[in-house]
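Engineer: here's my sequence, what's the structure:
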Amino acid sequence: MASGRVGRRKADKANARLSAVLLVALLPSLWGLPCFAGSTLQKTRDDLSHATRGNAAEDQKQYADGVVQSTISETFEEVLSRATTAEQVFDQQNQNREHLRAADAVALLKKLLHKPDPRSRNAWQPTEPAQLTQLEDFKHLVTMQIEMVRKMNKFLAAEILIESAELGNQLLDLGMLDEGRQLLDSSLIAIEQALQPNALFRGGYGFLVADLPKILASLPGGHDPIRRRCLSAISSKVRRLGPESLLDVVHSLVESKDKLQEEDRELLRRVLQIAARKKHIFKGPQLADMLYSSALLNERDEVLLQVATRKAANNIGLFQHTDLAKLAFSVTRLDFRDQNFLGMLAQATSWKATAMPASTLSQILLCLGHFHFAENDLAIDDAVKQLKALLLTEELDPGVLSDALKGLAQLQHLDNEFLEASAKQLVLFARQVQGAAS
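Structural biologist: Next up, the predicted model:
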(Lines give C-alpha, C1' and ligand atoms only; values in the text may rest on other atoms or scores of the structure.)
Protein backbone atom coordinates (compact mmCIF):
# COMPACT_ATOMS: atom_id res chain seq x y z
CA MET A 1 0.00 0.00 0.00
CA ALA A 2 2.81 2.34 1.02
CA SER A 3 4.75 1.58 -2.11
CA GLY A 4 1.63 2.42 -4.17
CA ARG A 5 1.26 5.85 -2.53
CA VAL A 6 4.95 6.63 -3.10
CA GLY A 7 4.61 5.67 -6.77
CA ARG A 8 1.65 8.02 -7.23
CA ARG A 9 3.50 10.93 -5.57
CA LYS A 10 6.47 10.42 -7.89
CA ALA A 11 4.17 10.36 -10.91
CA ASP A 12 2.44 13.62 -9.77
CA LYS A 13 5.80 15.36 -9.35
CA ALA A 14 6.88 14.22 -12.81
CA ASN A 15 3.65 15.54 -14.34
CA ALA A 16 4.07 18.88 -12.57
CA ARG A 17 7.66 19.24 -13.87
CA LEU A 18 6.48 18.39 -17.39
CA SER A 19 3.67 20.97 -17.20
CA ALA A 20 6.13 23.65 -16.06
CA VAL A 21 8.49 22.90 -18.94
CA LEU A 22 5.66 23.03 -21.47
CA LEU A 23 4.35 26.32 -20.02
CA VAL A 24 7.76 27.97 -20.33
CA ALA A 25 8.12 26.69 -23.89
CA LEU A 26 4.71 27.99 -24.91
CA LEU A 27 4.86 31.42 -23.20
CA PRO A 28 5.94 33.39 -26.32
CA SER A 29 3.14 31.98 -28.45
CA LEU A 30 0.61 32.41 -25.64
CA TRP A 31 1.74 36.01 -25.24
CA GLY A 32 1.08 36.61 -28.94
CA LEU A 33 -2.45 35.23 -28.94
CA PRO A 34 -4.22 38.37 -27.60
CA CYS A 35 -2.37 40.54 -30.11
CA PHE A 36 -3.39 38.25 -32.92
CA ALA A 37 -7.02 38.19 -31.76
CA GLY A 38 -7.08 41.97 -31.42
CA SER A 39 -5.68 42.51 -34.90
CA THR A 40 -8.20 40.05 -36.34
CA LEU A 41 -11.10 41.83 -34.63
CA GLN A 42 -9.88 45.21 -35.86
CA LYS A 43 -9.53 43.85 -39.40
CA THR A 44 -13.08 42.46 -39.19
CA ARG A 45 -14.39 45.84 -38.02
CA ASP A 46 -12.59 47.57 -40.90
CA ASP A 47 -14.04 45.12 -43.42
CA LEU A 48 -17.56 45.57 -42.04
CA SER A 49 -17.22 49.35 -42.04
CA HIS A 50 -15.99 49.31 -45.62
CA ALA A 51 -18.84 47.01 -46.65
CA THR A 52 -21.40 49.24 -44.90
CA ARG A 53 -20.06 52.32 -46.66
CA GLY A 54 -20.17 50.46 -49.95
CA ASN A 55 -23.77 49.38 -49.41
CA ALA A 56 -24.80 52.89 -48.41
CA ALA A 57 -23.17 54.33 -51.52
CA GLU A 58 -24.89 51.71 -53.68
CA ASP A 59 -28.26 52.43 -52.05
CA GLN A 60 -27.76 56.15 -52.53
CA LYS A 61 -26.94 55.62 -56.20
CA GLN A 62 -29.76 53.12 -56.75
CA TYR A 63 -32.49 55.22 -55.14
CA ALA A 64 -31.32 58.66 -56.19
CA ASP A 65 -34.69 59.18 -57.88
CA GLY A 66 -36.47 60.45 -54.79
CA VAL A 67 -36.72 57.52 -52.44
CA VAL A 68 -33.54 58.04 -50.41
CA GLN A 69 -32.35 61.53 -49.54
CA SER A 70 -28.71 62.19 -50.45
CA THR A 71 -26.18 64.80 -49.41
CA ILE A 72 -26.49 66.33 -52.90
CA SER A 73 -30.19 66.88 -52.24
CA GLU A 74 -29.49 68.58 -48.93
CA THR A 75 -27.17 71.06 -50.64
CA PHE A 76 -29.73 71.48 -53.41
CA GLU A 77 -32.49 72.28 -50.91
CA GLU A 78 -30.29 74.72 -49.02
CA VAL A 79 -29.50 76.64 -52.20
CA LEU A 80 -33.12 76.47 -53.32
CA SER A 81 -34.33 77.90 -50.01
CA ARG A 82 -32.23 81.02 -50.64
CA ALA A 83 -33.61 81.64 -54.14
CA THR A 84 -35.78 84.74 -54.35
CA THR A 85 -36.83 84.74 -58.03
CA ALA A 86 -37.96 82.21 -60.63
CA GLU A 87 -34.77 82.86 -62.63
CA GLN A 88 -32.64 81.71 -59.70
CA VAL A 89 -34.78 78.58 -59.35
CA PHE A 90 -34.36 77.72 -63.03
CA ASP A 91 -30.59 78.31 -62.74
CA GLN A 92 -30.50 75.79 -59.92
CA GLN A 93 -32.52 73.36 -62.05
CA ASN A 94 -30.09 73.69 -64.98
CA GLN A 95 -27.03 73.24 -62.77
CA ASN A 96 -28.42 69.97 -61.40
CA ARG A 97 -30.13 68.75 -64.56
CA GLU A 98 -28.13 65.49 -64.76
CA HIS A 99 -28.74 64.57 -61.12
CA LEU A 100 -32.28 65.90 -60.71
CA ARG A 101 -34.60 63.52 -58.87
CA ALA A 102 -38.36 63.41 -58.55
CA ALA A 103 -38.07 64.86 -55.04
CA ASP A 104 -35.99 67.75 -56.38
CA ALA A 105 -38.45 68.43 -59.20
CA VAL A 106 -41.29 68.53 -56.66
CA ALA A 107 -39.29 70.98 -54.53
CA LEU A 108 -38.69 73.20 -57.59
CA LEU A 109 -42.37 73.22 -58.56
CA LYS A 110 -43.52 73.91 -55.00
CA LYS A 111 -41.06 76.80 -54.77
CA LEU A 112 -42.24 78.32 -58.06
CA LEU A 113 -45.93 78.00 -57.14
CA HIS A 114 -45.49 79.19 -53.56
CA LYS A 115 -47.40 82.32 -52.56
CA PRO A 116 -45.95 83.79 -49.35
CA ASP A 117 -48.07 85.60 -46.80
CA PRO A 118 -47.73 89.36 -47.50
CA ARG A 119 -47.33 89.95 -43.76
CA SER A 120 -44.34 87.60 -43.51
CA ARG A 121 -40.70 88.51 -44.09
CA ASN A 122 -40.35 85.91 -46.83
CA ALA A 123 -37.98 87.24 -49.50
CA TRP A 124 -39.50 85.06 -52.22
CA GLN A 125 -40.91 87.08 -55.14
CA PRO A 126 -43.42 84.87 -56.97
CA THR A 127 -43.95 85.17 -60.71
CA GLU A 128 -47.51 85.83 -61.83
CA PRO A 129 -49.20 82.48 -62.65
CA ALA A 130 -50.23 83.59 -66.14
CA GLN A 131 -46.61 84.48 -66.92
CA LEU A 132 -45.13 81.46 -65.15
CA THR A 133 -47.16 78.91 -67.10
CA GLN A 134 -45.88 80.37 -70.38
CA LEU A 135 -42.20 79.97 -69.51
CA GLU A 136 -40.49 77.14 -71.42
CA ASP A 137 -38.36 76.24 -68.40
CA PHE A 138 -41.48 75.78 -66.30
CA LYS A 139 -43.20 73.67 -68.97
CA HIS A 140 -40.08 71.52 -69.28
CA LEU A 141 -39.98 71.01 -65.50
CA VAL A 142 -43.63 69.95 -65.44
CA THR A 143 -43.11 67.52 -68.33
CA MET A 144 -40.05 66.06 -66.62
CA GLN A 145 -42.01 65.49 -63.40
CA ILE A 146 -44.81 63.75 -65.31
CA GLU A 147 -42.29 61.42 -66.96
CA MET A 148 -40.54 60.62 -63.69
CA VAL A 149 -43.82 59.77 -61.97
CA ARG A 150 -44.83 57.52 -64.88
CA LYS A 151 -41.52 55.70 -65.22
CA MET A 152 -40.42 55.41 -61.60
CA ASN A 153 -43.73 55.22 -59.72
CA LYS A 154 -42.80 51.86 -58.15
CA PHE A 155 -39.77 53.41 -56.46
CA LEU A 156 -41.17 56.78 -55.39
CA ALA A 157 -41.99 57.49 -51.77
CA ALA A 158 -45.59 58.14 -50.81
CA GLU A 159 -44.85 61.78 -50.01
CA ILE A 160 -43.61 62.40 -53.56
CA LEU A 161 -46.71 60.84 -55.11
CA ILE A 162 -49.02 62.77 -52.78
CA GLU A 163 -47.29 66.08 -53.49
CA SER A 164 -47.31 65.32 -57.23
CA ALA A 165 -51.08 64.80 -57.10
CA GLU A 166 -51.50 68.10 -55.26
CA LEU A 167 -49.27 69.86 -57.81
CA GLY A 168 -51.43 68.39 -60.58
CA ASN A 169 -54.48 70.01 -58.98
CA GLN A 170 -52.62 73.33 -58.76
CA LEU A 171 -51.71 73.17 -62.45
CA LEU A 172 -55.36 72.56 -63.32
CA ASP A 173 -56.29 75.68 -61.34
CA LEU A 174 -53.66 77.64 -63.30
CA GLY A 175 -55.19 76.61 -66.62
CA MET A 176 -52.56 74.01 -67.61
CA LEU A 177 -55.31 71.46 -68.20
CA ASP A 178 -53.37 68.81 -70.15
CA GLU A 179 -50.27 68.86 -67.96
CA GLY A 180 -52.25 69.11 -64.73
CA ARG A 181 -54.50 66.18 -65.66
CA GLN A 182 -51.52 64.04 -66.72
CA LEU A 183 -49.60 64.70 -63.49
CA LEU A 184 -52.68 64.15 -61.32
CA ASP A 185 -53.73 60.95 -63.10
CA SER A 186 -50.20 59.52 -63.13
CA SER A 187 -49.82 60.17 -59.41
CA LEU A 188 -53.21 58.67 -58.56
CA ILE A 189 -52.57 55.60 -60.71
CA ALA A 190 -49.27 55.06 -58.87
CA ILE A 191 -51.03 55.49 -55.53
CA GLU A 192 -53.73 53.03 -56.54
CA GLN A 193 -51.18 50.45 -57.68
CA ALA A 194 -49.25 50.81 -54.45
CA LEU A 195 -52.41 50.20 -52.45
CA GLN A 196 -52.83 46.72 -53.92
CA PRO A 197 -52.53 44.19 -51.07
CA ASN A 198 -49.45 42.53 -52.57
CA ALA A 199 -47.77 45.85 -53.37
CA LEU A 200 -48.11 47.46 -49.96
CA PHE A 201 -44.76 48.14 -48.22
CA ARG A 202 -42.97 47.24 -51.46
CA GLY A 203 -39.31 46.71 -50.63
CA GLY A 204 -39.43 49.12 -47.72
CA TYR A 205 -39.53 52.10 -50.06
CA GLY A 206 -43.26 52.23 -50.72
CA PHE A 207 -46.12 53.33 -48.49
CA LEU A 208 -45.62 52.99 -44.78
CA VAL A 209 -48.54 52.64 -42.39
CA ALA A 210 -48.32 56.31 -41.40
CA ASP A 211 -48.48 57.33 -45.08
CA LEU A 212 -51.93 55.85 -45.60
CA PRO A 213 -53.91 58.54 -43.71
CA LYS A 214 -51.92 61.23 -45.57
CA ILE A 215 -52.93 59.66 -48.88
CA LEU A 216 -56.53 59.49 -47.73
CA ALA A 217 -56.49 63.16 -46.72
CA SER A 218 -54.89 64.30 -49.99
CA LEU A 219 -57.26 62.52 -52.39
CA PRO A 220 -59.39 64.95 -54.41
CA GLY A 221 -63.10 64.26 -54.82
CA GLY A 222 -64.34 61.62 -57.20
CA HIS A 223 -61.73 58.96 -56.46
CA ASP A 224 -63.83 56.60 -54.40
CA PRO A 225 -62.13 53.33 -55.56
CA ILE A 226 -58.76 54.58 -54.33
CA ARG A 227 -60.38 55.82 -51.15
CA ARG A 228 -61.98 52.41 -50.55
CA ARG A 229 -58.67 50.62 -51.05
CA CYS A 230 -56.86 53.06 -48.79
CA LEU A 231 -59.44 52.64 -46.02
CA SER A 232 -59.15 48.88 -46.32
CA ALA A 233 -55.36 49.06 -45.96
CA ILE A 234 -55.69 51.37 -42.95
CA SER A 235 -58.19 49.05 -41.30
CA SER A 236 -55.73 46.16 -41.38
CA LYS A 237 -52.92 48.24 -39.81
CA VAL A 238 -54.82 50.74 -37.65
CA ARG A 239 -53.27 49.60 -34.36
CA ARG A 240 -49.87 50.81 -35.55
CA LEU A 241 -50.96 54.40 -36.17
CA GLY A 242 -50.05 57.32 -33.90
CA PRO A 243 -52.29 60.18 -32.71
CA GLU A 244 -51.86 62.46 -35.74
CA SER A 245 -52.44 59.62 -38.19
CA LEU A 246 -55.56 58.49 -36.34
CA LEU A 247 -56.87 62.06 -36.47
CA ASP A 248 -56.19 62.17 -40.22
CA VAL A 249 -58.34 59.05 -40.58
CA VAL A 250 -61.33 60.43 -38.65
CA HIS A 251 -61.06 63.82 -40.40
CA SER A 252 -61.26 62.04 -43.74
CA LEU A 253 -64.28 60.07 -42.56
CA VAL A 254 -65.96 63.32 -41.50
CA GLU A 255 -65.33 64.81 -44.94
CA SER A 256 -67.06 61.85 -46.58
CA LYS A 257 -69.74 61.37 -43.91
CA ASP A 258 -72.54 61.31 -46.50
CA LYS A 259 -70.96 58.26 -48.17
CA LEU A 260 -69.93 56.22 -45.12
CA GLN A 261 -70.46 52.49 -45.36
CA GLU A 262 -70.69 49.99 -42.51
CA GLU A 263 -66.99 49.08 -42.78
CA ASP A 264 -66.18 52.80 -42.43
CA ARG A 265 -68.26 52.92 -39.26
CA GLU A 266 -66.44 49.86 -37.95
CA LEU A 267 -63.08 51.52 -38.67
CA LEU A 268 -64.27 54.67 -36.86
CA ARG A 269 -65.25 52.62 -33.79
CA ARG A 270 -61.85 50.93 -33.73
CA VAL A 271 -60.07 54.30 -33.98
CA LEU A 272 -62.12 55.71 -31.08
CA GLN A 273 -61.39 52.63 -28.97
CA ILE A 274 -57.66 52.92 -29.67
CA ALA A 275 -57.70 56.63 -28.75
CA ALA A 276 -59.45 55.85 -25.46
CA ARG A 277 -57.10 52.99 -24.64
CA LYS A 278 -53.91 54.88 -25.60
CA LYS A 279 -54.97 58.11 -23.91
CA HIS A 280 -51.47 58.62 -22.47
CA ILE A 281 -50.01 59.34 -25.94
CA PHE A 282 -52.74 61.84 -26.85
CA LYS A 283 -52.60 65.48 -25.86
CA GLY A 284 -55.78 67.02 -24.46
CA PRO A 285 -56.59 69.06 -27.60
CA GLN A 286 -56.08 65.93 -29.73
CA LEU A 287 -58.64 64.05 -27.63
CA ALA A 288 -61.01 67.01 -27.96
CA ASP A 289 -60.57 66.90 -31.75
CA MET A 290 -61.16 63.13 -31.80
CA LEU A 291 -64.29 63.48 -29.68
CA TYR A 292 -65.57 66.34 -31.85
CA SER A 293 -65.17 64.23 -35.01
CA SER A 294 -67.02 61.33 -33.39
CA ALA A 295 -69.86 63.70 -32.41
CA LEU A 296 -70.11 65.01 -35.98
CA LEU A 297 -70.53 61.40 -37.11
CA ASN A 298 -72.95 60.59 -34.26
CA GLU A 299 -70.67 57.83 -32.99
CA ARG A 300 -70.65 57.55 -29.20
CA ASP A 301 -67.77 55.91 -27.33
CA GLU A 302 -68.44 56.04 -23.60
CA VAL A 303 -64.83 55.42 -22.59
CA LEU A 304 -63.48 58.15 -24.89
CA LEU A 305 -66.06 60.59 -23.50
CA GLN A 306 -64.92 59.82 -19.95
CA VAL A 307 -61.23 60.06 -20.84
CA ALA A 308 -61.50 63.34 -22.78
CA THR A 309 -63.72 65.16 -20.26
CA ARG A 310 -61.61 63.97 -17.31
CA LYS A 311 -58.43 65.18 -19.00
CA ALA A 312 -60.08 68.52 -19.74
CA ALA A 313 -61.38 68.93 -16.19
CA ASN A 314 -57.90 68.23 -14.76
CA ASN A 315 -56.02 70.48 -17.21
CA ILE A 316 -58.59 73.04 -18.37
CA GLY A 317 -56.01 75.83 -18.52
CA LEU A 318 -54.13 74.05 -21.32
CA PHE A 319 -57.15 74.05 -23.65
CA GLN A 320 -57.68 76.83 -26.19
CA HIS A 321 -61.15 78.30 -26.75
CA THR A 322 -61.54 76.21 -29.92
CA ASP A 323 -60.87 73.04 -27.91
CA LEU A 324 -63.45 74.07 -25.32
CA ALA A 325 -66.02 74.70 -28.05
CA LYS A 326 -65.36 71.23 -29.51
CA LEU A 327 -65.77 69.59 -26.12
CA ALA A 328 -68.94 71.55 -25.37
CA PHE A 329 -70.42 70.59 -28.74
CA SER A 330 -69.45 66.92 -28.29
CA VAL A 331 -70.93 66.36 -24.83
CA THR A 332 -74.11 68.19 -25.90
CA ARG A 333 -74.50 66.24 -29.14
CA LEU A 334 -73.72 62.90 -27.46
CA ASP A 335 -75.67 63.81 -24.29
CA PHE A 336 -72.85 63.01 -21.87
CA ARG A 337 -73.11 64.69 -18.47
CA ASP A 338 -70.06 65.04 -16.22
CA GLN A 339 -70.39 67.43 -13.28
CA ASN A 340 -66.65 68.04 -12.87
CA PHE A 341 -66.22 68.85 -16.54
CA LEU A 342 -69.22 71.19 -16.61
CA GLY A 343 -67.95 72.97 -13.52
CA MET A 344 -64.49 73.50 -15.00
CA LEU A 345 -65.98 74.52 -18.37
CA ALA A 346 -68.02 77.22 -16.63
CA GLN A 347 -64.97 78.34 -14.65
CA ALA A 348 -62.82 78.54 -17.79
CA THR A 349 -65.55 80.60 -19.46
CA SER A 350 -65.44 83.07 -16.60
CA TRP A 351 -61.64 83.30 -16.86
CA LYS A 352 -61.39 83.60 -20.64
CA ALA A 353 -64.71 85.16 -21.73
CA THR A 354 -63.16 88.41 -22.97
CA ALA A 355 -60.84 86.46 -25.29
CA MET A 356 -63.50 84.10 -26.65
CA PRO A 357 -65.31 84.59 -29.97
CA ALA A 358 -69.10 84.59 -30.11
CA SER A 359 -69.26 81.06 -31.58
CA THR A 360 -67.40 79.57 -28.60
CA LEU A 361 -69.46 81.50 -26.05
CA SER A 362 -72.77 80.45 -27.63
CA GLN A 363 -71.67 76.81 -27.82
CA ILE A 364 -70.72 76.81 -24.14
CA LEU A 365 -74.02 78.48 -23.15
CA LEU A 366 -75.91 75.91 -25.21
CA CYS A 367 -73.98 73.11 -23.47
CA LEU A 368 -74.61 74.46 -19.96
CA GLY A 369 -78.27 75.02 -20.83
CA HIS A 370 -78.66 71.52 -22.25
CA PHE A 371 -77.64 70.06 -18.88
CA HIS A 372 -79.37 72.85 -16.89
CA PHE A 373 -76.04 73.58 -15.22
CA ALA A 374 -76.65 76.98 -13.59
CA GLU A 375 -74.29 76.57 -10.65
CA ASN A 376 -71.91 79.31 -11.81
CA ASP A 377 -73.92 82.50 -12.38
CA LEU A 378 -70.76 84.57 -12.71
CA ALA A 379 -69.59 82.54 -15.72
CA ILE A 380 -72.95 82.97 -17.44
CA ASP A 381 -72.93 86.72 -16.72
CA ASP A 382 -69.40 87.04 -18.13
CA ALA A 383 -70.37 85.16 -21.29
CA VAL A 384 -73.45 87.34 -21.86
CA LYS A 385 -71.47 90.51 -21.16
CA GLN A 386 -68.92 89.56 -23.82
CA LEU A 387 -71.65 88.69 -26.33
CA LYS A 388 -73.26 92.11 -25.79
CA ALA A 389 -69.90 93.78 -26.38
CA LEU A 390 -69.44 91.82 -29.61
CA LEU A 391 -72.94 92.75 -30.80
CA LEU A 392 -71.96 96.41 -30.64
CA THR A 393 -68.97 95.96 -32.95
CA GLU A 394 -69.86 93.18 -35.39
CA GLU A 395 -72.73 91.34 -37.03
CA LEU A 396 -73.01 87.93 -35.41
CA ASP A 397 -74.13 84.81 -37.23
CA PRO A 398 -77.86 84.12 -36.69
CA GLY A 399 -77.09 80.52 -35.73
CA VAL A 400 -74.67 81.71 -33.05
CA LEU A 401 -77.28 84.06 -31.59
CA SER A 402 -79.92 81.35 -31.73
CA ASP A 403 -77.72 78.88 -29.81
CA ALA A 404 -76.89 81.47 -27.16
CA LEU A 405 -80.55 82.43 -26.68
CA LYS A 406 -81.60 78.78 -26.46
CA GLY A 407 -78.95 78.06 -23.83
CA LEU A 408 -79.92 81.09 -21.76
CA ALA A 409 -83.60 80.12 -21.92
CA GLN A 410 -82.78 76.62 -20.63
CA LEU A 411 -80.70 78.20 -17.86
CA GLN A 412 -83.58 80.58 -17.09
CA HIS A 413 -81.07 83.41 -17.28
CA LEU A 414 -82.75 86.51 -18.73
CA ASP A 415 -80.86 89.59 -19.86
CA ASN A 416 -83.15 92.16 -21.47
CA GLU A 417 -80.35 94.16 -23.11
CA PHE A 418 -78.96 91.07 -24.81
CA LEU A 419 -82.44 89.93 -25.85
CA GLU A 420 -83.22 93.31 -27.47
CA ALA A 421 -79.87 93.56 -29.25
CA SER A 422 -80.16 89.97 -30.53
CA ALA A 423 -83.74 90.52 -31.72
CA LYS A 424 -82.73 93.64 -33.68
CA GLN A 425 -79.90 91.82 -35.43
CA LEU A 426 -82.07 88.80 -36.23
CA VAL A 427 -84.76 91.08 -37.73
CA LEU A 428 -82.12 92.81 -39.89
CA PHE A 429 -80.87 89.44 -41.08
CA ALA A 430 -84.41 88.29 -41.94
CA ARG A 431 -84.97 91.45 -44.01
CA GLN A 432 -81.69 90.87 -45.87
CA VAL A 433 -82.74 87.32 -46.72
CA GLN A 434 -86.16 88.49 -47.94
CA GLY A 435 -84.56 91.21 -50.03
CA ALA A 436 -82.15 88.75 -51.64
CA ALA A 437 -85.01 86.31 -52.37
CA SER A 438 -87.13 88.97 -54.07
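Engineer: please look at Glu375 and Ala346 and confirm they touch.
Structural biologist: Yes. With contacts counted by Cβ atoms under 8 Å, Glu375 reaches Ala346, the gap being 7.2 Å. Backbone N, C-alpha and C define where each C-beta goes, glycine included.
Engineer: out of these two, which sits in the more crowded spot?
Structural biologist: Ala346 (23 against 12; other Cβ atoms under 10 Å).
Engineer: the helix or strand containing that one packs against which elements?
Structural biologist: According to DSSP states H and E, Ala346 maps onto helix 339-352. If you count contacts as 3 or more Cβ pairs under 8 Å, 6 or more residues apart in numbering; DSSP states H and E, helix 339-352 packs onto helix 302-314, helix 321-333, helix 358-370, helix 377-393.
Engineer: and it, which residues are buried?
Structural biologist: 341-349, 352 (16 or more other Cβ atoms under 10 Å).
Engineer: what's the closest of those residues to Cys230?
Structural biologist: Phe341 (35.4 Å; Cβ to Cβ).
Engineer: ok, the closest one to Leu212 distance?
Structural biologist: Computed as Cβ to Cβ, to the nearest Å, the Phe341 to Leu212 distance reads 33 Å.
Engineer: try Ala409
Structural biologist: In terms of Cβ to Cβ, Ala409 sits 46 Å off from Leu212.
Engineer: same deal with Ala355?
Structural biologist: In terms of Cβ to Cβ, Ala355 sits 38 Å off from Leu212.
Engineer: ok, Thr322 next?
Structural biologist: Relative to Leu212, and taking Cβ to Cβ, Thr322 is found at 27 Å.
Engineer: which among the helices and strands packed on helix 339-352 is found nearest to Leu108?
Structural biologist: By Cβ to Cβ (comparing all of the helices and strands packed on helix 339-352), the closest turns out to be helix 321-333, at 36.0 Å.
Engineer: buried ones in that closest one, by neighbour count?
Structural biologist: Quick answer for helix 321-333 (16+ other Cβ under 10 Å): 321-333.
Engineer: from those, pick the one nearest Ile191.
Structural biologist: Lys326 (31.1 Å).
Engineer: setting aside sequence neighbours, what's the nearest residue to that closest one?
Structural biologist: Of all residues not flanking Lys326 in the chain, Tyr292 sits nearest, at 3.8 Å (Cβ to Cβ, 6 or more residues apart in numbering).
Engineer: tell me the pLDDT of that neighbour.
Structural biologist: We have a pLDDT of 97 for Tyr292.
Engineer: residues in contact with it?
Structural biologist: Tyr292 is in contact with 326-327, 329-330, counting by Cβ atoms under 8 Å, 6 or more residues apart in numbering.
Engineer: if you set the cut-off to 7 Å instead, what comes out?
Structural biologist: 326, 329-330 (Cβ atoms under 7 Å, 6 or more residues apart in numbering).
Engineer: got JSON lines for those residues, with distance to Gln306 and pLDDT too?
Structural biologist: Below are these laid out as JSON lines (distance: Cβ to Cβ, whole Å; pLDDT from 0 to 100):
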{"residue": "Lys326", "distance to Gln306": "16", "pLDDT": "96"}
{"residue": "Phe329", "distance to Gln306": "17", "pLDDT": "97"}
{"residue": "Ser330", "distance to Gln306": "12", "pLDDT": "97"}
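Engineer: next one: Leu378 from Met356, what distance?
Structural biologist: 15 Å.
Engineer: more neighbours: which of the two?
Structural biologist: Higher neighbour count among Leu378 and Met356: Met356, with 25 against 12, using other Cβ under 10 Å.
Engineer: where does the spatially closest residue to that one that is not a sequence neighbour land on pLDDT?
Structural biologist: Leaving aside its sequence neighbours, Met356 sits nearest to His321 (Cβ to Cβ, 6+ apart; 4.7 Å). On the pLDDT scale, His321 is placed at 92.
Engineer: low pLDDT regions in this protein?
Structural biologist: Applying pLDDT under 70 to the chain flags the ranges 1-76, 117-122, 196-208, 218-223, 436-438.
Engineer: any idea which residue sits dead centre in it?
Structural biologist: The chain has Glu244 as the residue nearest its centroid, 4.5 Å off, counting by Cα atoms, centre = their mean.
Engineer: next SSE downstream of whatever helix or strand Ser252 lives in?
Structural biologist: Element membership for Ser252 (DSSP H and E) is helix 243-255. Sequence order places helix 262-277 as the next helix or strand after helix 243-255, per DSSP H and E.
Engineer: show residues contacting the helix or strand encompassing Lys110.
Structural biologist: Here Lys110 sits within helix 102-113, counting by DSSP H and E. With contacts defined as Cβ under 7 Å, 6+ apart, helix 102-113 is touched by 65-66, 73, 76-77, 80, 83, 86, 89, 93, 96, 132, 138, 141, 144-145, 148-149, 152, 156, 160, 163-164, 167, 170.
Engineer: how about that helix: buried residues?
Structural biologist: Quick answer for helix 102-113 (16+ other Cβ under 10 Å): 102-109, 111-113.
Engineer: Three-state assignment for the nearest residue to Glu266 once chain neighbours are set aside, please.
Structural biologist: Excluding its sequence neighbours, the residue lying closest to Glu266 (Cβ to Cβ, 6+ apart) is Ser235, at 7.7 Å. Under DSSP: H, G, I helix; E, B strand; the rest coil, Ser235 falls in the helix class.
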